[in-house]
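Q: Attaching a predicted model along with its sequence, questions to come.
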Amino acid sequence: MKILVPVKRVIDYNVKVRVKSDGSGVDLANIKMSMNPFDEIALEEAIRIKEAGKADEIIAVSIGASQSQETLRTALAMGADRAILVVATDDVNQDIEPLDVAKILHAIVVEERTDLILCGKQAIDNDMNATAQMLSALMGCSQATFASKIELAGEKIKVTREVDGGLQVVEVTLPSVISVDLRLNEPRYASLPNIMKAKRKPLEQKEPKDFNVLVKNRLEIIETNEPAERMAGIKVSSVDELVEKLKNDAGVI
Amino acid sequence: MLTTYQAPLEEFHFLFHEVLHASEQEIEGFSELTPEFTSEILTMGAKIATEVMLPINSSGDKEGCKFENGLVITPKGFVKAFDEIRKGGWAGLDCDPLYGGQGLPITLSLIFGEIFSSCNISLTIYKALTHGTYATIYAHGNSIQKNTYLPKLVTCEWTGTMNLTEPHCGTDLGMIKTKAEPISEGEYKITGQKIFISAGDHDLSENIIHLVLAKVPGGPTGVKGISLFIVPKFLVNNDGSLGRKNNLSIGSIEKKMGIHANATCVLNYDGATGYLLGEKHQGVQAMFTMMNEARLGVGVQSLALAEVAYQSSLTYSKERVQGKSLESDGKFSTSPKPIICHPDVRRNLMNQKSFIEGARALTLWTALLLDKGTRSSDKKSYGLASLLTPVIKGYISDIGFDMTVVGQQIFGGHGYIEEWGMSQLVRDSRIAMIYEGTNGVQAIDLVGRKLNSDGGANIMYLLELVTTYLHQSTVSEEIENEFFVPLKNSLNDLKSALKFFLDNGTKNPNAALAGASDFLHLLGVFCIGFMWVKIVSRVSEKKKAGDKINKFLEAKIVTGRYYMANTLPKTKFLATKIKAGDKILMSLEPDQF
């Protein structure tokens, strides 16, 4: 079985995000970028499946500016067997929208004949949470989102999903797209010997037109704002006062 | 913990690729060190260090090591963190691939040494001593010893220690009493007590390989009668498995000022089995393999802590609002401003920044000389690195400590409160001036040994490199006046101190020894000045080539300018002090003190 893992290069989760002064987006100049943490979890899961002898090959794909190559190198160092870089823009500030990403991934899935697509539930830069679902629709196959546990049994996969009310267990049949949630696993650090070995792993470079996809932005960003600053808290003297404030001032109960 | 640390990756990248042009050097293996590759491994190494080692730095300091039932227990989280580093293969970065290492250069290993020490110096020391043990067995061991110990040391499955000091002697090793009685060919019975053994016992590895200096009875007296022995905690069977516990025990662990999470042990050898490493009676020379490496490492440790102090106090100075500041219109602000606005806080920050960045360049340059020396068998480079080793150990640890105190100062009263983390940096940094040979000993090593070795070839080579650099480079008048001229003046100070030693040192060694520490500082100040000249020349080259000069590069010029104007002139003062010799210094009788 082949597993495809899409990985996105995003602003590092430790970096304090600053909005550009003209409000057109987030300032990415000289900012530390890393692999989207959810994608890291998806990749870790793929590696564990392969280590358990249930997959033969892991292909990491990244779609974006050429700098995404760094993210793919990390994926290779963690344990992906090969990588495909799709250079879809020469501007690091341009976000490739979910539909185009899903179309390109779909073309790769067809070309590579992959059975399982493991991806992060969303990218931490714009939190779209759409690519996995769109890809599944394009492929006409099953999907299981927000996975916190994945158990393989032949052609079937039992997926535990994190939903609002608790946990939901579903079963899907391959081929399938599974998007993963935070608690699925704890990704490993790439080891130094594996980083060295990854230098020799294949990394293929492509463009959207190789897959007959025309990348175009359908969404328009009107403005970007910093979140409102937290207001100072107040102390209440009794439970009654707290209930009163929650009811009348905050309006939450 | 309220200290701030982010690995200065942009800084390493700039020094390694732009200033030292490392990947363009004709040194074996260096062409593979592309910016993409170094950036990838540094990013991952820094990630592990900050996510795994840093979070247990403060708790490790508070908890410290425990000594229970004859065994040492490291603080919570240390076993897991050490295991993560071991799994990552980071310990074997510059070790020989023949024994499982990655064969990367010392220069890169030094960068990791700094990042790891910044994040958790106590934990890093366990790894550093293991590397030193590896290097010593690698250089002096026979093939059986190499095959038995090296693969395990490269991975840190086994760790190492160095045993020199005894209760009655440290600096003067000729006085040691530990004895080694021959049992059979190469095998000895070791008896004696060793103290101050860093990482002497712990729960991080399944075996500990002690390298122990001892005297074989009947040998020459003094230093010439000392031999070096491999004394494992658990004896190793022929098939590589662990055998019985050796006859050695931990007497106690020391309560110390800093590095609480690194166990400093008293080790008692009661007829322990030891194996001769290298030639009999050549133990001190063999141990120097470990000591030279450790001395370079200690300078880097101190730099690493100064960096954390700098980053932390910088963050604090931007957040702490106190006192009105002078605005550009010449009037004082109506409300209090962040303390970074105040000139005296700026002075502290500039002193930290200009020292740290220049010193970092010096450590990397020295490591590069070592790589050149070992990989390309370049004797001159190797010799210069050995001249600079006591300077890095002594000068960088002296000033590195000062800079942690400066960081503490910027925090005001909070700097003195444990909770803020600045106190730990000061306490942890203090040892660097003492261990691996006190800084006084470093100064004597520099003046008494390194200056004269090979007829003064190493210092002559340094002077030649600087002089050639100053004459060959064509720079703008501005750079010439602000950087080249001050360095030329400082070079004259250095030469005048050398001349004083040459004229007086042979007749009266005390005349030179009296000025040894000042000379070590003079050479340190001067070499960092040379580094700033190289850094700023590189930025001006880029400017000339039409490259974009970002804020980072702009700051290099200003910081270098500050160093040349505010620190480099110290060489004149130090040369004057040196030339005063020992006359007044040694005049009082001991009972007049």
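A: Noted; the coordinates are in hand.

Q: Need phi/psi at residue 7.
A: Using chain A here. For residue A:7, the backbone dihedrals (degrees, to the nearest 10) come out as phi -130, psi 140.

Q: In space, what's closest to it - neighbours in sequence excluded?
A: In space, and not counting its chain neighbours, residue A:7 is closest to residue A:39: 4.3 Å by CB to CB, 6 or more residues apart in numbering or on different chains. The C-beta positions use only the backbone N, C-alpha and C, and glycine is treated the same way.

Q: so that neighbour is in which element?
A: According to DSSP states H and E, residue A:39 maps onto helix A:37-51.

Q: Give the next helix or strand downstream of that helix.
A: Beyond helix A:37-51 on the C-terminal side, the first helix or strand identified by DSSP H and E is strand A:57-64.

Q: and for that next one, what are the contacting residues?
A: Outside strand A:57-64, the residues within contact range by CB atoms under 8 Å, 6 or more residues apart in numbering or on different chains are A:2-9, A:43, A:46-47, A:50, A:68-69, A:71-72, A:75-76, A:79-89, A:92, A:96, A:100-101, A:104-105, A:108, A:112, A:114, A:208.

Q: Tell me which of the residues you listed fall in strands.
A: Secondary structure assignment by DSSP state E places A:2-6, A:9, A:82-87 of those in strands.

Q: Present the residues you listed as TSV; the columns should include neighbour count and distance to residue A:168.
A: Output for those, formatted as TSV (neighbours: other CB atoms under 10 Å in any protein chain shown; distance: CB to CB, whole Å):
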residue	neighbour count	distance to residue A:168
A:2	17	27
A:3	26	23
A:4	26	24
A:5	28	23
A:6	29	24
A:9	23	31
A:82	17	34
A:83	26	33
A:84	22	33
A:85	23	35
A:86	26	33
A:87	17	38
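
Q: From these, pick the one nearest residue B:419.
A: Nearest to residue B:419, judged by CB to CB, of those is residue A:9 at 37.7 Å.

Q: ok, that closest one - contacts?
A: Contact analysis of residue A:9 by CB under 8 Å, 6+ apart lists A:33-36, A:62, A:64-65, A:67-68, A:70-71.

Q: ok, now with 10 Å
A: Residue A:9 is in contact with A:33-36, A:39, A:62-65, A:67-72, A:74, A:92, A:123, A:125, counting by CB atoms under 10 Å, 6 or more residues apart in numbering or on different chains.

Q: And it, how far from chain B?
A: 12 Å (CB to the nearest CB, to the nearest Å).

Q: and the helix holding residue A:39, which residues are buried?
A: For helix A:37-51, a neighbour-count test (16 or more other CB atoms under 10 Å in any protein chain shown) marks A:37-50 as buried.

Q: check contacts around whichever residue of chain B sits closest to chain A.
A: The minimum distance from chain B to chain A, using CB to the nearest CB, falls at residue B:89 (4.1 Å). Going by CB under 10 Å, 6+ apart, residue B:89 touches A:190-196, B:95, B:100-102, B:154-156.

Q: swap in residue A:195?
A: A:73-74, A:76-78, B:37, B:40-41, B:43-45, B:88-89, B:102.

Q: Looking at these, spot the one nearest residue B:477.
A: Set against residue B:477, the nearest of the contacts of residue A:195 by CB to CB is residue B:37 (39.1 Å).

Q: pretty sure that closest one belongs to a helix, no?
A: Yes: assessed with DSSP: H, G, I helix; E, B strand; the rest coil, residue B:37 lies in a helix.

Q: re the thing from before, export the ones in strands among the contacts of strand A:57-64 as TSV, with columns for pLDDT.
A: Output for those, formatted as TSV (pLDDT from 0 to 100):
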residue	pLDDT
A:2	96
A:3	98
A:4	98
A:5	98
A:6	98
A:9	96
A:82	98
A:83	98
A:84	98
A:85	98
A:86	98
A:87	97
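
Q: What is the burial count for residue B:414?
A: Residues near residue B:414, counting by other CB atoms under 10 Å in any protein chain shown, number 16.

Q: cool, and residue B:53?
A: 26.

Q: so of the contacts of residue B:89, which ones are in helices?
A: The helices, defined by DSSP state H, take in A:192-196, B:154-155 from the contacts of residue B:89.

Q: Now distance to residue B:343 and pLDDT too, for those, in a markdown table please.
A: Putting the ones in helices among the contacts of residue B:89 into a markdown table (distance: CB to CB, whole Å; pLDDT from 0 to 100) gives the following:
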| residue | distance to residue B:343 | pLDDT |
| --- | --- | --- |
| A:192 | 45 | 95 |
| A:193 | 50 | 95 |
| A:194 | 50 | 95 |
| A:195 | 45 | 95 |
| A:196 | 49 | 93 |
| B:154 | 51 | 97 |
| B:155 | 51 | 96 |
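
Q: Show me which of these is closest to residue A:175.
A: residue A:194 (28.6 Å).

Q: quick one: contacts for the nearest residue to that closest one once chain neighbours are set aside?
A: Nearest residue to residue A:194 in three dimensions, chain neighbours excluded: residue A:77, at 5.0 Å (CB to CB, 6+ apart). Going by CB under 10 Å, 6+ apart, residue A:77 touches A:189-199, A:201, B:40-41, B:44.

Q: do the same with residue B:574
A: B:490, B:493-494, B:497, B:515, B:517-526.

Q: for the helix holding residue A:39, packing partners?
A: Counting by 3 or more CB pairs under 10 Å, 6 or more residues apart in numbering or on different chains; DSSP states H and E, the packing neighbours recorded for helix A:37-51 are strand A:2-6, strand A:9-11, strand A:57-64, helix A:68-78, strand A:116-120, strand A:142-153, strand A:176-180.

Q: same thing but 8 Å
A: Counting by 3 or more CB pairs under 8 Å, 6 or more residues apart in numbering or on different chains; DSSP states H and E, the packing neighbours recorded for helix A:37-51 are strand A:2-6, strand A:57-64, helix A:68-78, strand A:116-120, strand A:142-153, strand A:176-180.

Q: quick one, which of these is packed in tightest?
A: For the helices and strands packed on helix A:37-51, the largest average neighbour count (mean count of other CB atoms under 10 Å in any protein chain shown) is found in strand A:116-120, namely a mean of 28.

Q: low-confidence ranges in chain B?
A: Applying pLDDT under 70 to chain B flags residues B:1.

Q: hey, where'd the strands end up in it?
A: Per DSSP E, chain B carries strands over the ranges B:66-68, B:71-73, B:158-163, B:179-184, B:187-198, B:207-215, B:226-232, B:234-236, B:242-245, B:248-253, B:264-276.

Q: Who are the contact partners of residue B:14?
A: Taking CB under 8 Å, 6+ apart, we find residue B:14 in contact with B:552-553.

Q: cool, residue B:305 as well?
A: Residue B:305 makes contact with B:117-118, B:121, B:400, B:404, B:425, B:428-429, B:432, according to CB under 8 Å, 6+ apart.
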